[in-house]
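>>> Here is a sequence with its predicted model. Questions after.
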Amino acid sequence: MDVMPLLLLVAGSAAVAAAGRRVPVPVPLLLVAVGLAVSYVPGVPDYTLDPHIVLPLLLPPLLYTAATDSSYLDLRAQVRPVALLSVGYVLFATFVVGCAAYLIVPGLPLTAALVLGAVVAPPDAVAATAVARRVGLPSRITTILQGESLVNDATAITAFRVALAAAVGEGATWAGGILEFVVAAIGGVGVGLVLMVPLHWLRTHLREALLQNTLSLLIPFVAYAVAEQVHASGVLAVVVVALYLGHRAWEVDFATRLQEEAVWKMVAFVLESAVFALIGLQLPVVLKGLGEYEGAEAAWYAVALFLVVAVARFVWVYPATFLPRLSARVRAREGDLSWKGPFVIGWAGMRGVVSLAIAFSIPLTVHDGGPFPERNLILFLTFTTVIGTLVVQGVTLPPLIRLLKFPTRDVQTETLAEANAQAQASRAAERRLDELLADERNALPGPLAERLRTVLERRRNAVWERLGQVNPVTGETVDDTYRRLSREMISAERDVFVRLRDGRYIDDEMLRTLLRRLDLEEAAAYREAT
């Protein structure tokens, strides 16, 4: 097995993504563009998307990291718009895009057109998360987009299976398809509910952070595989487990959380970079099979389908947003709502690698042995729709959000809320310390007891200090200056430890122990602003 193409893909996409952080172009778009350009470089191998690899091996970890970063409470508060988008919109888009493709492309059977509709129906989890991070959308819109992208793949995959069964002549009906979707959805949620508690128990009872993080890497694949084994939705199983584990992450050992955050950031970075690069690298594979269609004809079909996909989302989003507000109860709960939020949600429907992976899983032949109707054209239209939404909508979304002038975050109010929360926690910690020190079994020398109180007071005052004045020379708050000086002191200690190791006064094992202790102190003293 030749692993060189895989290594080149991972290394190249990571390098482009790292460089992309220094340019104004969104990283996903840069990766797609570089993939398109590299695909025609002589000697570059064909990176054909294999659905048997993308769906079970790439989709679970991407869904898992997106779900654990999401808020269960926020998603629960937005369950209606999330459900209307992740289920209602995907089925609506499948039907509308399928019928439009049937009318636009001469000779395309309706069943094959509906297969195409199901393929391009779901906005992509990776694209939505990447855009939300990049442009700083309001929290409610971000929650809705993330929630939609976590669940809609399950709807699209089920709709695709039903349409595909009809297209290949296996006698599927829409009534049977609805039943299959319900069974898959209930089964996926059920598998997630069954797995989440024992998996969390195992995470909290393993004593080594290394073992806990190994389990963390296995969890999305286990949840997906178990659900698919019983013909349930692996997507929903992964999402349910991840939401639960993310919601209960505070119960896990601190060392595990530190390692897990670093591990999953690295995994997400590598997979997201490779996924967007893979999209661009598909162009030669797609064009190679287009054959019978002339360039202008195929381009017209691509533009027409992209417009249908873009318009259909707005056609669904605005009624789905405002019709429920005819209820006085909904209006009272959600307050005033402008047209801006739904407009951004409508424009943020980027497609991604899942659509391409599903399209590549279309069989070459139908039930009677004949070729699948217009399979190559479906692959091409899927590819152009993905590229079109990423480029057109991905490029224009940030300036669109700036133009709409959404309310910015109230940093002062957020800091005040944080300070109040820290004050309550500090009072509880101080009471607990007094209780412990009153017990003679916990006797400490005065300086050490005072050190505990000093650390607690420092943590309590640090947030309030951010509300104070800044240094007129450096522009830093008192808290910023304190953390910077702490870091400089730790750096000086680190230099001494390294010099002692180099002089053979201590060995490497002791150096690693001392450096880890400093690393933990630095992590506590110098939080990265988020």
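Everything's here; your move.
>>> Now for the chain, the helix or strand with the poorest mean pLDDT.
The least trusted helix or strand in the chain, going by mean pLDDT, DSSP states H and E, turns out to be helix 125-135, with a mean of 64.
>>> what element comes up after that helix heading to the C-terminus?
helix 139-167 (DSSP states H and E).
>>> how about the helix or strand that comes right after that next one: buried residues?
Scanning forward in sequence from helix 139-167 by DSSP H and E, the next helix or strand is helix 174-205. Applying a neighbour-count criterion of 16 or more other CB atoms under 10 Å, one finds 177, 180-181, 184-185, 187-192, 194-196, 199-200, 203 buried in helix 174-205. Placement of C-beta: from N, CA and C, glycine included.
>>> Stretch 225-238: how far from the chain's middle?
Offset of stretch 225-238 from its chain centre (CA atoms, centre = their mean, to the nearest Å): 19 Å.
>>> first vs last residue of it, how far apart are they?
From its first residue to its last, stretch 225-238 covers 9 Å (CA to CA, to the nearest Å).
>>> Just the mean pLDDT for it, thanks.
In this model, stretch 225-238 carries a mean pLDDT of 94.
>>> From the contact counts, what lies against the helix or strand harbouring residue 310?
Element membership for residue 310, per DSSP H and E: helix 295-322. Packing contacts for helix 295-322, counted by 3 or more CB pairs under 8 Å, 6 or more residues apart in numbering; DSSP states H and E, involve helix 90-104, helix 340-347, helix 375-388.
>>> Just the element for residue 111, please.
Element membership for residue 111 (DSSP H and E) is helix 110-120.
>>> what comes up buried for that helix?
111, 112, 113, 114, 115, 116, 117, 118, 119, 120.
>>> Surely the third one and residue 99 touch.
Going back to what we said before, that points to residue 113. Yes: using CB atoms under 8 Å, residue 113 makes contact with residue 99 at a distance of 7.0 Å.
>>> tell me the contacts of the residue nearest to residue 97 when sequence neighbours are not counted?
Counting by CB to CB, 6 or more residues apart in numbering, residue 117 is the residue found nearest to residue 97 once chain neighbours are left out, at 3.9 Å. For residue 117, the contact set (CB atoms under 8 Å, 6 or more residues apart in numbering) comprises 93, 94, 95, 96, 97, 98, 99, 101, 159, 163.
>>> Could you tell me which of these count as buried?
Buried subset of the contacts of residue 117 (neighbour count, 16+ other CB under 10 Å): 93, 94, 95, 96, 97, 98, 101, 159, 163.
>>> Tell me how far residue 328 lies from residue 272.
Distance, residue 328 to residue 272, using CB to CB, to the nearest Å: 43 Å.
>>> who's more crowded, these two?
For residue 328 against residue 272, the residue with the higher neighbour count under other CB atoms under 10 Å is residue 272, and the figures read 26 against 8.
>>> Tell me if the more buried one really is in a strand.
No: looking at residue 272 with DSSP: H, G, I helix; E, B strand; the rest coil, it is helix, so not inside a strand.
>>> And it, how far from residue 142?
If you measure residue 272 against residue 142 using CB to CB, the figure is 17 Å.
>>> Next: residue 18.
24 Å.
>>> likewise residue 60?
If you measure residue 60 against residue 142 using CB to CB, the figure is 22 Å.
>>> How about residue 93?
Remark: distance between residue 93 and residue 142 (CB to CB) = 21 Å.
>>> what does residue 59 give?
Where residue 142 is concerned, residue 59 sits at a distance of 21 Å (CB to CB).
>>> Looking at the two, which one has more neighbours?
Neighbours were counted for residue 59 and for residue 142 using other CB under 10 Å; residue 59 has more, 26 against 21.
>>> element containing that one, please.
With DSSP H and E as the criterion, residue 59 is inside helix 59-68.
>>> Show me what that helix is in contact with.
Residues from elsewhere that reach helix 59-68, judged by CB under 8 Å, 6+ apart: 125-126, 129, 146, 149-150, 153, 217, 219-221, 223-224, 234-235, 238-239, 241-243, 245-246, 249, 264, 267-268, 271-272, 275, 354, 357.
>>> as a whole number, average confidence for stretch 142-152?
Averaged across stretch 142-152, the pLDDT comes to 88.
>>> same thing with stretch 436-446?
If you average the pLDDT over stretch 436-446, you get 80.
>>> can you give me the end-to-end distance of that stretch?
Terminal residues of stretch 436-446 are spaced 14 Å apart (CA to CA).
>>> got it, and stretch 202-216?
With CA to CA as the measure, stretch 202-216 spans 10 Å from end to end.
>>> And it, how far out from the chain middle?
On CA atoms, centre = their mean, the centre of stretch 202-216 falls 23 Å from the chain's centre.
>>> Would you indicate which residues of it are buried?
Going through stretch 202-216 with 16+ other CB under 10 Å, the ones that come out buried are 203, 206, 209, 212, 213, 215, 216.
>>> Return the member of the residues you listed nearest to residue 442.
Distances from those to residue 442 were compared by CB to CB; the smallest belongs to residue 209, at 26.8 Å.
>>> Test my guess that the closest one contacts residue 262.
No: with contacts counted by CB under 8 Å, residue 209 stays clear of residue 262, the gap being 11.0 Å.
>>> low pLDDT regions in the chain?
1-2, 125-136, 170-174, 291-292, 294, 368, 408-412, 414, 463-470, 525-530 (pLDDT under 70).
>>> Closest to the centroid, which residue in it?
residue 66 (3.2 Å; CA atoms, centre = their mean).
>>> Does residue 330 lie in a helix or a strand, and which?
Under the assignment given by DSSP H and E, the secondary-structure element containing residue 330 is helix 328-334.
>>> ok, and what's touching that helix?
Applying CB under 8 Å, 6+ apart, the set of residues contacting helix 328-334 is 324, 325.
>>> Please state the offset of that helix from the chain centre?
Between the centre of helix 328-334 and the centre of its host chain there is 30 Å, according to CA atoms, centre = their mean.
>>> same thing with stretch 515-526?
For stretch 515-526, the separation from the chain centroid amounts to 29 Å (computed by CA atoms, centre = their mean).
>>> What angle do helix 139-167 and the helix holding residue 59 make with each other?
An angle of 150 degrees separates the directions of helix 59-68 and helix 139-167 when computed by axes from the mean of the first three to the mean of the last three CA atoms, to 10 degrees.
>>> Which SSE is immediately downstream of helix 59-68?
helix 72-77.
>>> With just CA atoms, put that next one into PDB.
Taking C-alpha atoms only, helix 72-77 is exported to PDB below (Å, rounded to 0.1, in the frame of the first residue of the first chain):
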ATOM      1  CA  TYR A  72     -26.400  21.200  24.700                       C
ATOM      2  CA  LEU A  73     -28.400  23.900  26.500                       C
ATOM      3  CA  ASP A  74     -28.200  26.400  23.600                       C
ATOM      4  CA  LEU A  75     -29.200  23.700  21.100                       C
ATOM      5  CA  ARG A  76     -32.100  22.700  23.300                       C
ATOM      6  CA  ALA A  77     -33.200  26.300  23.400                       C
END
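>>> who touches the following helix or strand past that helix?
Using DSSP H and E, the helix or strand that directly follows helix 72-77 along the chain is helix 79-83. Residues lying outside helix 79-83 but in contact with it, judged by CB under 8 Å, 6+ apart, are 75, 143, 144, 147, 148, 151, 320, 321, 324.
>>> Let's see that with 6 Å instead.
Identification of contacts with helix 79-83 by CB atoms under 6 Å, 6 or more residues apart in numbering yields 144, 147, 148.
>>> OK, contacts around residue 381?
302, 305.
>>> ditto for residue 357
By CB under 6 Å, 6+ apart, residue 357 lies in contact with 49, 51, 54, 55.
>>> export whichever strand or helix holds it as PDB, just CAs?
If you go by DSSP H and E, residue 357 is part of helix 353-360. Extracted C-alpha coordinates of helix 353-360, given in PDB (Å, rounded to 0.1, in the frame of the first residue of the first chain):
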ATOM      1  CA  VAL A 353     -17.300  16.800   1.400                       C
ATOM      2  CA  VAL A 354     -20.200  14.800   2.700                       C
ATOM      3  CA  SER A 355     -22.200  15.600  -0.500                       C
ATOM      4  CA  LEU A 356     -19.300  14.500  -2.700                       C
ATOM      5  CA  ALA A 357     -18.800  11.300  -0.700                       C
ATOM      6  CA  ILE A 358     -22.500  10.400  -1.000                       C
ATOM      7  CA  ALA A 359     -22.300  11.200  -4.700                       C
ATOM      8  CA  PHE A 360     -19.300   8.900  -5.200                       C
END
